[in-house]
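1. Have a look; sequence and predicted model below, questions after that.
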Amino acid sequence: MEVENEASCSAGASGGSREYKVVMLGAGGVGKSAMTMQFISHQFPDYHDPTIGDAFKLKCLIDCSMANFNVLNTYGTAEFTAMREQYMRGGEGFIICYSITDRQSFQEAAKFKELIFQVRHTYEIPLVLVGNKIDLEHFRQVSTEEGLSLAQEYNCAFFETSAALRFCIDDAFHGLVREIRKKESMPSLMDKKLKRKDSLWKKLKGSLKKKRESLT
Ligand SMILES: Nc1nc2c(ncn2[C@@H]2O[C@H](COP(=O)(O)OP(=O)(O)OP(=O)(O)O)[C@@H](O)[C@H]2O)c(=O)[nH]1
Ligand SMILES: [Mg+2]
C-alpha cells in the first residue's frame, strides 16, 4: 500500500526523499496494526486480525523534509517469534508498542532492547516506546510514569497513543524519524551500515511474502 501525505508543511520541503525502514514491535493485540492503519490510511480496524507481516509505504513531510516511510508491521503472537530476528536485522528504527491495559505486554516491551542488542550488537538503534489504548483509561494497568521510566532506560522518546481516536499516532511515527535523523547527525554509526540494510530489507520482505503465501 502506497500513500502520499503532504499536509503538514508546504514550503521548504527537500526534493529528495529519504526512505526510513520502520518496524513495529510488540505483543499480540496491543494495536500495532491499528496504529499502522491509522497512520497510513486514517482508518481504525475494530477487530483483531493477527498480522502475518505487512509492509506499508507513506510519504510525508517531517520538519519540512520529506520522509518516505516503509513500515513493516509484525505480529506479536508467540508462534511467529522466530521471524523477529529477521526484522531486527532489517529495521533502521523500531516502534516498541504495549497496551496500557495489559501489564504483560509492558513486560514484553521491556525485553525488546535486549533482544535487539543480541541481534545488532549495539544499543544505538533508534527507538520509540508507545503505550497504546489510552482511550481505555478505566482499564489502565500500566501508569504513565512506568512508561516514562522505561523510555528513560531505553533513552528514547515516549508516547501514549490511542489508535482508536488517532491520538498521537503521527507523533509516534514522526518521533521515530526524528530519532533516526538525530542518530544520523552523529556521524559515526549509521552511514556504513545503510547499504547492507537495503539488501537485508529486501531479503526480509521476500521471506515474509513466502510465509504469507504458505499460510494462505
Ligand atoms: N479501544 C482501543 N482498541 C484498540 C486500540 N488499538 C487497537 N485496538 C483494538 O485491539 C485489538 C488488537 O489490535 P491490533 O491492531 O490487531 O493488534 P496487533 O498488535 O496488530 O496484534 P497482532 O497482529 O496479533 O500482533 C483490535 O480489536 C483493535 O480494534 C486503541 O487504541 N483503543
Ligand atoms: Mg497486527
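-> Good, I have the coordinates. Ligands and ions are numbered 1, 2, ... in the order given.
2. quick one: Leu61 and Ala67 touch, right?
-> Yes. Assessed by CB atoms under 8 Å, Leu61 is found in contact with Ala67 at 7.3 Å. C-beta coordinates here come from the backbone N, C-alpha and C atoms, glycine included.
3. neighbour count winner among the two?
-> Applying other CB atoms under 10 Å to Leu61 and Ala67 shows that Ala67 carries more neighbours, namely 23 against 19.
4. doesn't Glu92 make contact with the more buried one?
-> No. The pair Ala67 / Glu92 is not scored as a contact, 11.5 Å apart, by CB under 8 Å.
5. Quick check: neighbours shared by these two?
-> Common contacts of Ala67 and Glu92 (CB atoms under 8 Å, 6 or more residues apart in numbering): Tyr20.
6. Find the closest residue to ligand 1 in this structure.
-> Gly31 (2.9 Å; CB to the nearest ligand atom).
7. Quick one: neighbours of that residue, just the number.
-> 28.
8. do Arg120 as well
-> Using other CB under 10 Å, Arg120 has 14 neighbouring residues.
9. Ok, Lys205 next?
-> Neighbour count for Lys205, taken as other CB under 10 Å: 16.
10. so who does it touch?
-> 55, 72.
11. Which residue, neighbours along the chain excluded, lies closest to the residue of the chain closest to ligand 1?
-> Spatial nearest neighbour of Gly31, chain neighbours left out: Asn132 (4.1 Å); criterion: CB to CB, 6 or more residues apart in numbering.
12. Roughly how far does the one you found sit from ligand 2?
-> 12 Å (CB to the ion, to the nearest Å).
13. isn't that residue right next to Arg166, touching?
-> No. The criterion here is CB under 8 Å, and Asn132 misses it with Arg166 at 11.6 Å.
14. So for the two, which residue has more residues nearby?
-> Asn132 (29 against 17).
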